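Participant: Pasting the sequence and the predicted model now:
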Protein chains: 2
Amino acid sequence: MIIVVCLNPALDVTHHVDAVDWGGVNRPRAVRARPGGKGLNVARTLHALGVDVLVLGLAGGITGAGVEAALRERCVPAAFTPVAGETRRTFSVVHDSKVTAFYEAGPAVSEEEFAGFRHGYEQALDGAAAVVLSGSLPPGLEPATYATLIQGAGIPAVLDTHGEALRLGAAAGAAIVKPNLAELESLTGHKLATPDEMVGAAGQLRGAQAVVVTLGPDGLLAATGDGCWRARAPAAAAGNATGAGDAVAAALTHGLVLGRPWDERLRHAAALGAATAAAPVAGEFRRQDYLGALTAVTVEEVR
Amino acid sequence: MIIVVCLNPALDVTHHVDAVDWGGVNRPRAVRARPGGKGLNVARTLHALGVDVLVLGLAGGITGAGVEAALRERCVPAAFTPVAGETRRTFSVVHDSKVTAFYEAGPAVSEEEFAGFRHGYEQALDGAAAVVLSGSLPPGLEPATYATLIQGAGIPAVLDTHGEALRLGAAAGAAIVKPNLAELESLTGHKLATPDEMVGAAGQLRGAQAVVVTLGPDGLLAATGDGCWRARAPAAAAGNATGAGDAVAAALTHGLVLGRPWDERLRHAAALGAATAAAPVAGEFRRQDYLGALTAVTVEEVR
């Protein structure tokens, strides 16, 4: 079983409009609401791969109840620790194939609430093969939060977050950290143009056993104890790239649990990322796209 | 007790942003969520006036539960008939004192669900002094829906809606219908510039005992069996005009139940509308603004 920690889940609401009257009243022709936040995307992808998952996190208010109900409907097992604040919404307006997004910050979490979460987390670790920690931290939690959860875990941890929480989590000994290029650049403070520069920058995430950088349509770059690789999927039909990075995190964790060698792990991760980016619905993928991409992905050792 | 019928309630979510990155990701600095839909605004205003109200309507899903919880929190009595669909959200982005709004249509309501509502409605009529029917109809309900609820009521009905539902509701013998100018113009098919033209157009709403037209900052125009009046409040500090029309509907209903003569009824309605437009939060008013406006409103007979 893989634990997926989602401390700041969201209800993602998307309005599709034909055109937007900025400053006026718009009536969307289609409305979608689904559980969101990076951790929930990871959990749904693992679930779709047939992996036994358990989502652990914090949820509050009516929006938190909505997230829990939506996960139940999708048969994704979850145990949220209740918080007094209201779980955040993200609101996206899709118009002319552009997306304008509004992200709420999430509820302020108290020390007592986090202690309640941590108690359940420690109980769940027993019998879990790996843990994924993914997404932003809600207001009130220290940047060291993921680091403390990784240190005590006793099982491999995959971390997908940004900034100080990422740096501290790597230092705590994460098995894999998965920044995207912008997040890695933000840590190093400058643009990274070549694979060499990226591998060098990955060294900043000291303590992590492996760093996998997602490069959008340019695939993945991995710096691991076993070597460095670049994986690329051929360009696919444009779908909805939201959640593609989360699919990569899910595939990397799956490969870790299965004990796949790094090149195979990356092949699956790049293929699943590409299949997810090609699907019209954020965070979903078609099995035939995934299987097709698997044979088309190239993985080459670099440096 | 006044019954307020709200067949298509909403959860109004407002994001305040300093600037909008259209096509990008925005992080609102403030988020508000409150029960919305015109009927709920009317009910909250009546409740704030100290009037005994009961909200009746249709609610479904997590959003419906959110609306019910928010009304409970505000101590506004409500009894919603459950529907299978999801109650709608409205989403508003406030930026540079402009509002961009996205209105969901609401759940499709089945005949059985409406029959369930109607049963509760008929039971509640016994002992009620008046009924307010306000707002749009959810998908699936006929334009004649309000008319059938008015015909069978046996108590005075105040109707605030638009289009065919307004015309049919007036014909069913509403005590007061309260279109705004745009709604009246839309019924007549042409612009209305003078009070004379408006009073003439109000004649199109045959069957209603009185027509009160809200003119925004220009006040109210009433065509009643007792005569025609124009009420104006002096210009107030700009607040949030959303819900000002609903405050007028609430005050008109209150005046009807109290048996106030028309000129006094209109004085209170114009004052409460102005106080609501002057308050920074949509649909709320400060008591001192209301009392201040009461003495400042002018009411003159026209024609």
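Facilitator: Received the coordinates, thanks. Just so it is clear, the structure is predicted and the values come from calculations on it, not from any experiment. Numbering: from 1, shown residues only, chains lettered A, B, ... in the order given.

Participant: Would you mind giving the secondary structure of residue A:182?
Facilitator: Following DSSP: H, G, I helix; E, B strand; the rest coil, we place residue A:182 in the helix state.

Participant: and it, how many residues sit next to it?
Facilitator: 13 (other CB atoms under 10 Å in any protein chain shown). To be clear about C-beta, it is placed using only N, CA and C from the backbone, and glycine gets the same treatment.

Participant: I'd like to know which elements the longest helix out of those in chain A is packed against.
Facilitator: In chain A, with assignment by DSSP state H, the single longest helix is helix A:262-278. Counting contacts by 3 or more CB pairs under 8 Å, 6 or more residues apart in numbering or on different chains; DSSP states H and E, the secondary-structure elements packed against helix A:262-278 are strand A:210-214, strand A:220-224, strand A:227-232, helix A:244-258, helix A:287-296, strand A:298-302.

Participant: From the rest of the structure, what touches the fourth one?
Facilitator: Right, helix A:244-258. Helix A:244-258 is contacted from outside by A:2, A:38, A:41-43, A:45-46, A:49, A:51, A:129-130, A:132, A:134, A:156, A:158, A:160, A:175-176, A:178, A:180, A:212, A:214, A:216, A:220, A:264-265, A:268-277, A:283, A:285, using CB atoms under 8 Å, 6 or more residues apart in numbering or on different chains.

Participant: can you check the second one too?
Facilitator: Residues outside strand A:220-224 that contact it (CB under 8 Å, 6+ apart) are A:195, A:198-199, A:202-203, A:209-215, A:228-232, A:248, A:262, A:266, A:269-270, A:273, A:302.

Participant: Select only the buried ones of the contacts of helix A:244-258 in ChimeraX?
Facilitator: Restricted to buried positions by 16 or more other CB atoms under 10 Å in any protein chain shown, the ChimeraX selection for the contacts of helix A:244-258 reads:
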select /A:2,38,41,42,43,45,46,49,51,129,130,132,134,156,158,160,175,176,178,180,212,214,220,265,268,269,270,271,272,273,274,275,276,277,283,285
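
Participant: Up against chain B, what does chain A have?
Facilitator: Residues of chain A lying close to chain B by CB under 8 Å from any CB of the partner chain are A:13, A:15, A:17, A:20-28, A:31, A:33, A:62-63, A:65-66, A:69, A:86, A:89, A:91, A:93, A:98-105.

Participant: Which members of those are classed as buried?
Facilitator: Judged by 16+ other CB under 10 Å, buried ones among those: A:13, A:15, A:17, A:20, A:26, A:28, A:31, A:33, A:62-63, A:65-66, A:86, A:89, A:91, A:93, A:99-104.

Participant: Out of those, which sit inside strands?
Facilitator: Judged by DSSP state E, the subset of those located in strands is A:13, A:15, A:26, A:31, A:33, A:89, A:91, A:93, A:99-103.

Participant: which pair in those residues spans the largest distance?
Facilitator: Spanning the widest gap among these are A:26 and A:103, at 19.4 Å by CB to CB.

Participant: State the distance from residue A:149 to chain B.
Facilitator: 25 Å (CB to the nearest CB, to the nearest Å).

Participant: pLDDT score assigned to that residue?
Facilitator: Residue A:149 carries a pLDDT score of 98 in this model.

Participant: That one in helix, strand or coil?
Facilitator: Under three-state DSSP, residue A:149 falls in the helix class.

Participant: so who does it touch?
Facilitator: So residue A:149 contacts A:5, A:118, A:121, A:131, A:133, A:157 (CB under 8 Å, 6+ apart).

Participant: May I ask you to confirm that the fourth one belongs to a strand?
Facilitator: Meaning residue A:131. Yes. Counting by three-state DSSP, residue A:131 falls inside a strand.

Participant: Spatially nearest residue to it, not counting backbone neighbours?
Facilitator: Distance criterion CB to CB, 6 or more residues apart in numbering or on different chains; nearest residue to residue A:131, sequence neighbours excluded, is residue A:3 at 4.3 Å.

Participant: quick one: that neighbour and residue A:126 touch, right?
Facilitator: No. In this structure, residue A:3 is not within contact of residue A:126 by CB atoms under 8 Å, at 10.5 Å.

Participant: more neighbours, the two?
Facilitator: Remark: of residue A:3 and residue A:126, residue A:3 carries more neighbours, 24 against 8, as counted by other CB under 10 Å.

Participant: tilt between the strand or helix carrying that one and helix A:244-258?
Facilitator: Using DSSP states H and E, residue A:3 sits in strand A:2-6. Per axes from the mean of the first three to the mean of the last three CA atoms, to 10 degrees, the angle that strand A:2-6 makes with helix A:244-258 is 150 degrees.

Participant: Please state the mean pLDDT value computed over strand A:2-6.
Facilitator: Averaged over strand A:2-6, pLDDT sits at 98.

Participant: So in that sheet, which strands flank that strand, and in what orientation?
Facilitator: If you go by DSSP bridges, strand A:2-6 pairs up with strand A:53-59 (parallel), strand A:130-134 (parallel).

Participant: what's the last one in contact with?
Facilitator: Contacts of strand A:130-134 from elsewhere in the structure, counted by CB under 8 Å, 6+ apart, are A:2-6, A:37-39, A:41-43, A:46, A:125, A:146, A:149-150, A:153, A:155-161, A:169, A:175, A:246, A:249-250, A:253, A:256-257.

Participant: Could you rerun that using 7 Å?
Facilitator: A:2-6, A:38-39, A:42, A:146, A:149-150, A:153, A:155-161, A:169, A:246, A:249, A:253, A:256-257 (CB atoms under 7 Å, 6 or more residues apart in numbering or on different chains).

Participant: Same check on the longest one?
Facilitator: Applying CB under 7 Å, 6+ apart, the external contacts of strand A:53-59 come out as A:1-7, A:9, A:39-40, A:43, A:46-47, A:67-68, A:71, A:76-83, A:87, A:109, A:113, A:117, A:120-121, A:124, A:138.

Participant: Now list the buried members of those residues.
Facilitator: Buried subset of these (neighbour count, 16+ other CB under 10 Å): A:2-7, A:9, A:39-40, A:43, A:46-47, A:67-68, A:71, A:76, A:78-81, A:83, A:87, A:109, A:113, A:117, A:121, A:124, A:138.

Participant: First-to-last residue distance for stretch A:170-179?
Facilitator: End-to-end span of stretch A:170-179 (CA to CA, to the nearest Å): 11 Å.

Participant: now for the strands paired with strand A:2-6, which one comes closest to residue A:188?
Facilitator: Relative to residue A:188, the nearest member of the strands paired with strand A:2-6 by CB to CB is strand A:130-134, separated by 21.7 Å.

Participant: CA atoms of that closest one as CSV?
Facilitator: Coordinates of each C-alpha in strand A:130-134 appear next as CSV, following Å, rounded to 0.1, in the frame of the first residue of the first chain:
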residue,chain,number,x,y,z
ALA,A,130,6.1,4.0,0.4
VAL,A,131,4.7,7.5,1.0
VAL,A,132,4.2,10.3,-1.4
LEU,A,133,4.1,13.9,0.0
SER,A,134,2.7,16.3,-2.5
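
Participant: Which pLDDT does the model give residue A:20?
Facilitator: At residue A:20, the model reports a pLDDT of 89.

Participant: try residue A:51
Facilitator: Listed pLDDT for residue A:51 reads 97.

Participant: Can you tell me the closest non-neighbouring residue to residue A:52?
Facilitator: In this structure, residue A:52 finds its nearest non-sequential neighbour in residue A:1, 4.4 Å apart by CB to CB, 6+ apart.

Participant: so how many other residues sit close to residue A:243?
Facilitator: For residue A:243, the neighbour count with other CB under 10 Å is 26.
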